[in-house]
Every structure is written in C-alpha cells, then in structure tokens.
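Enquirer: Show me the folded form of this:
(one chain, ligands or ions: 1)
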Amino acid sequence: MKRVVVVGGGVIGAACAYYLAKAGRAVTIVDSGAFGSGCSHANCGYVCPSHVLPLAGPGVLWSTFKTVLKRNSPLKIRAGVVMRDPGWFLGFARRCTRSRMLRAGVPIQALLASSRGLFDELMQTESLACEWEKRGLLFVFRSHAALEHYAETDAILREQFAMPARRFDGPALNALEPTLRPGLAGGYLYENDAHLRPDRLMSEWRRVLLHLGVEIREQCKVEGLLTSAGRAVGVRTAAGDIVADDVVIATGAWTPHLARDLGCRVPIQPGKGYSITYPRPAVCPTIPMIFEEDRVAVTPFATGFRIGSTMEFAGYDTTLNEDRLTLLTAAADRYLREPIRGEPTGKWWGWRPMTPDGLPLIGPAPALPNVMLAAGHNMLGLSMAPATGKLVAELITGAKPHIDPTPYTAHRF
Ligand SMILES: Cc1cc2nc3c(=O)[nH]c(=O)nc-3n(C[C@H](O)[C@H](O)[C@H](O)COP(=O)(O)OP(=O)(O)OC[C@H]3O[C@@H](n4cnc5c(N)ncnc54)[C@H](O)[C@@H]3O)c2cc1C
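Expert: You can find the predicted model right below:
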C-alpha cells in the first residue's frame, strides 16, 4: 500500500486525506498543533459557490485606500508587512482589472461548484453531523447607493458565471428575513449557498478519517522534507522522520515557512480575520447574511450565532484584539432588530492563506514531483475543500482530474 503524509490538519488537509484514503492510500496527517485548530476552526462556515470573484478587482485599490484610512476600519495593512513582501502587494495591485478578475473567476468557480456538489454527497454518504443547512446566503445593504452599486456585481455574476441571485427591495427584504431592521435598502439572495459549523465539521472529519484508517499525529511539527534523487521520501519532524511515497503540503498560511524545502515561491500572506460566537439568540435570523457596507458576516447555527470578518495584513501576529470583536458585534446591531447580547461562547482569530491572484496552489512542487501543494485558499478554504481534496487524490493516483488543474499550478509564480 502506498503511503502519503499530509502535512497540516485543517479542512484542506482533512479533505485530501479523505479522498486519498478512499483511493486506497495509507495516509498519515501530521499537524504542529491540534487537528482542525487553525483557520478551519471558527470561520463563518459558508459553503458559497456564489463567491466566484477574487478579492482583486476594478476599483479595489481605491476602496482599499479609503477604507484603510478610516478609524476602526475592517481592513488593516501594516506598512512593515508591505515593505517585507512588496512583491505580494504589487502582484495583487496588478490584478485589479476587470479582465483579470473575470479570468480568475473561472477556476475559482470550478472549485466552488465541484465542492458544493461534493458536500451534498459527503453529507449523505458520511452522515456528517455538522449543522449543515441549505438556506442560501443573503447580501444585505443599508443604503440604496450600495444596493445599486452591487447590482453591477450581480450582473457580472449572472451574465458571465450563470450565478443568478434574487433581489429583495425594502419591505420584501423584511418579509424574507424578519429579524432585519425595517428601513434597509434591500438585498440579494444566492439560493444555492449553504452553511455548516466548521468546528463540528472538523470533528466529523476526524471520526470519518480514523474509521478509514488514517493516522492523525498532533503536536508534531514538520521541519522539512526528506529528499533523494529529486524526489521526497518523507518528512522530518520534531518527533522523528516519517517515510512516504508522496507528500501533501496543506499548511495554509504557514506554507511559506516550508518554501525553501519546496524549492519554489509560495506567495501567501496571512490575512487575519476574527469571529465571535454567541449562544443562539431567542430571535435568530434563519439565513446567513453578509452586511456588505460594514464587511461583516453573520451565521446562524443550530447551536449558536457567529459574527465574523475583518482582514488584517499584519504578518504572523497572534494577538486577539478585543476591539475588533466589539466592532463586529456593533456592526451586526446596525442591521438586526434585536441586538445580539449575552456571554460569548467563543472569541477567535485565524490566518486566511491569501495569494495575490485569489487562486490556491494545487499541484506538484516544481522541483519535487511527488510533493503536492494544497494551500493558499484565501477566504474560501472551507468552500473549496472537497474539490481540492479530490483533485489532489486524482493527481497523486494518476486518475483523470475531474477539473483542469492547470490554473492552480505553483509554476505560475
Ligand atoms: C474570520 C474568517 C471567516 C472565514 N469564513 C469562511 C467561510 O465562511 N467559508 C470559507 O470557505 N472560508 C472561510 N474562511 C477561510 C477559511 O477559514 C480558510 O481558507 C481555510 O480554513 C484554510 O484551510 P487550511 O486547511 O488551508 O488551513 P488551516 O485550517 O489553517 O490548517 C493548516 C494547518 O497546518 C498546520 N501546520 C502549519 N505548519 C505546519 C508544519 N510545519 N507542520 C505540521 N503542521 C503544520 C497548522 O497547525 C494548521 O492546523 C474564513 C476565514 C476567516 C479568518
């Protein structure tokens, strides 16, 4: 039986391990911390095929500039981070054109659409108890100007990506989601989006993976790759070497730390985001919502209510800034009829693995054909996980890839 080591036990590593084990490989997951404790732990839980467009788009540089200057801005960029890695930020800036945005949307959509179908399949075949719900995703706007501005994005999604939304104006929005305050301008509903509770998903992956015979080694940092004759023969860890026929690198925002061993550029910046989770309120929204003007997302779970967002390019900063959490709750209050109160059950931050072009790196490391990269999933790692895992398994076993892997290659940087 061929052996694969998957480095990183986040949602991407878990999905890779799942499809590899299903394809008959003996799989070991190695994580420097606890399985599922990275960025995959307390994100907003959206499985959102609607999020086709990358962050880099026309007008983004100007709006970023304006937002960064604001006090209490949901977006922060530390000057030192830009100075240390100007290439990343220049690469992002270069991609802020309509044509490049539309071009990037095609491979993003391929992963999202495939994953959405695979999630349905997984829920059925593995009975994952992770509070999976198919209620869509509602973009909500306070001002008419912002609603009309979004109509342009909606037109792009509808015309270029066959991703239509239903528009709800004023009172129709309140009829759809009565927990919203009256007087909001309107919203767009993407009916095919779904959501789940990310920490529950990770515990369910653990159950399923262990059942499939996958070994999970925690608190075990991979320090480098073992190589021989231009191939990897395993990984070097603090607790000894692990030999393998193939290696998968699913280390999210930490992946640049392994760049020297991988022998290629890994342009990933940690994009820090926060979430705060409350007990489920008595009057709880039924639909997950994004409050676009405030860049805040809310997710109703059967067992709680999460508010999340913010984007900080602050390097590998590990502080939990309570002010950010207060701002999240205050922003949600501006949209909801009943303010969210009570003792939070969770306060969290995570590093999104951000690439300049919004696409993940999936495929062999240029110098080591049996080391498969699966990292850099930006703001959509949960939504892209099953398709990534399936694609990685296909590339390793030599099966026909179910989506074209070319756009995700590490060779592009
Ligand atoms: C506030 C917020 C909200 C979000 N909401 C959504 C959402 O609604 N939908 C969505 O699709 N995405 C969302 N995301 C993005 C999503 O969370 C990430 O894209 C995804 O979790 C990345 O998964 P990953 O497996 O690549 O990384 P991680 O989950 O971070 O896993 C990487 C793992 O690698 C391990 N590791 C690192 N280095 C080593 C090493 N040397 N040796 C061994 N192990 C190592 C780490 O310990 C970690 O466990 C959100 C992110 C944030 C911050």
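Enquirer: doesn't residue 225 fall inside a strand?
Expert: Yes - checked against DSSP: H, G, I helix; E, B strand; the rest coil, residue 225 lies within a strand.
Enquirer: and it, how far is that from the ligand?
Expert: From residue 225 across to the ligand, the span is 11 Å (Cβ to the nearest ligand atom, to the nearest Å). Yep, even glycine has a C-beta here, placed from its N, CA and C like the rest.
Enquirer: Nearest residue to that residue in space, please, no chain neighbours.
Expert: Leaving out its chain neighbours, the residue that sits closest to residue 225 by Cβ to Cβ, 6 or more residues apart in numbering is residue 261, at 4.5 Å.
Enquirer: Thought residue 234 was touching that neighbour, still the case?
Expert: No - using Cβ atoms under 8 Å, residue 261 is not in contact with residue 234; the gap is 12.0 Å.
Enquirer: list the residues that contact both of those two?
Expert: Taking Cβ atoms under 8 Å, 6 or more residues apart in numbering as the criterion, residue 261 and residue 234 both touch residue 225.
Enquirer: which one of those two has more residues nearby?
Expert: Set side by side, residue 261 and residue 234 show more neighbours around residue 261, with 22 against 18, by other Cβ atoms under 10 Å.
Enquirer: what about that one, helix or strand, and which?
Expert: Assessed by DSSP states H and E, residue 261 sits inside helix 259-262.
Enquirer: Please name every helix or strand in contact with that helix.
Expert: strand 222-228, strand 368-375 (3 or more Cβ pairs under 8 Å, 6 or more residues apart in numbering; DSSP states H and E).
Enquirer: Let me know which of these is tucked in deepest.
Expert: strand 368-375 (a mean of 24; mean count of other Cβ atoms under 10 Å).
Enquirer: now it: how far from the chain's centre is it?
Expert: Relative to its chain's centre, strand 368-375 lies at 20 Å (Cα atoms, centre = their mean, to the nearest Å).
Enquirer: And for stretch 287-300?
Expert: For stretch 287-300, the distance to the chain centre is 16 Å (Cα atoms, centre = their mean).
Enquirer: Does the ligand have contacts with it?
Expert: No - against the ligand, stretch 287-300 shows no contacts by Cβ under 6 Å from any ligand atom, the least distance being 6.8 Å.
Enquirer: what does stretch 369-387 give?
Expert: Yes - Stretch 369-387 is in contact with the ligand by Cβ under 6 Å from any ligand atom, via 375, 377, 379, 380, 381, 382, 383.
Enquirer: Could you export these as TSV, including distance to residue 130 and secondary structure?
Expert: Formatted as TSV, the residues of stretch 369-387 next to the ligand follow (distance: Cβ to Cβ, whole Å; DSSP: H, G, I helix; E, B strand; the rest coil):
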residue	distance to residue 130	secondary structure
375	23	strand
377	18	coil
379	20	coil
380	17	coil
381	15	helix
382	11	helix
383	14	helix
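Enquirer: ok, back up a step: among the helices and strands packed on helix 259-262, which is nearest residue 278?
Expert: Of all the helices and strands packed on helix 259-262, the one in closest proximity to residue 278, counting by Cβ to Cβ, is strand 368-375 (31.5 Å).
Enquirer: can you give me the strands for the stretch 51-200 of the chain?
Expert: In the stretch 51-200 of the chain, the strands defined using DSSP state E, counting those that start in this stretch lie at 75-77, 137-141, 166-169, 186-190, 194-195.
Enquirer: Mind telling me which of those strands the model trusts least?
Expert: Among the strands of the stretch 51-200 of the chain, strand 75-77 carries the lowest mean pLDDT, at a mean of 90.
Enquirer: Going by contacts, tell me the helices and strands next to that strand.
Expert: helix 60-69, strand 304-313.
Enquirer: Can you list the strands that it pairs with?
Expert: strand 304-313 (parallel) (DSSP bridges).
Enquirer: Following element in sequence after the strand it pairs with, please.
Expert: helix 322-333.
Enquirer: who touches that following helix?
Expert: 72, 74, 274-276, 291, 294, 296, 298, 307-310, 339-340, 344, 347.
Enquirer: Produce a PyMOL select command limited to the buried residues of those residues.
Expert: Here is the PyMOL command that selects the buried residues among the contacts of helix 322-333 (16 or more other Cβ atoms under 10 Å):
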select buried, resi 74+274+275+276+291+294+296+298+307+308+309+310+340+344
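Enquirer: related to what we said a few turns ago, the helices and strands packed on helix 259-262 into a markdown table, with extra columns for mean pLDDT and distance to residue 190?
Expert: Output for the helices and strands packed on helix 259-262, formatted as a markdown table (pLDDT from 0 to 100; distance: least, Cβ to Cβ, whole Å):
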| stretch | mean pLDDT | distance to residue 190 |
| --- | --- | --- |
| strand 222-228 | 97 | 38 |
| strand 368-375 | 98 | 26 |
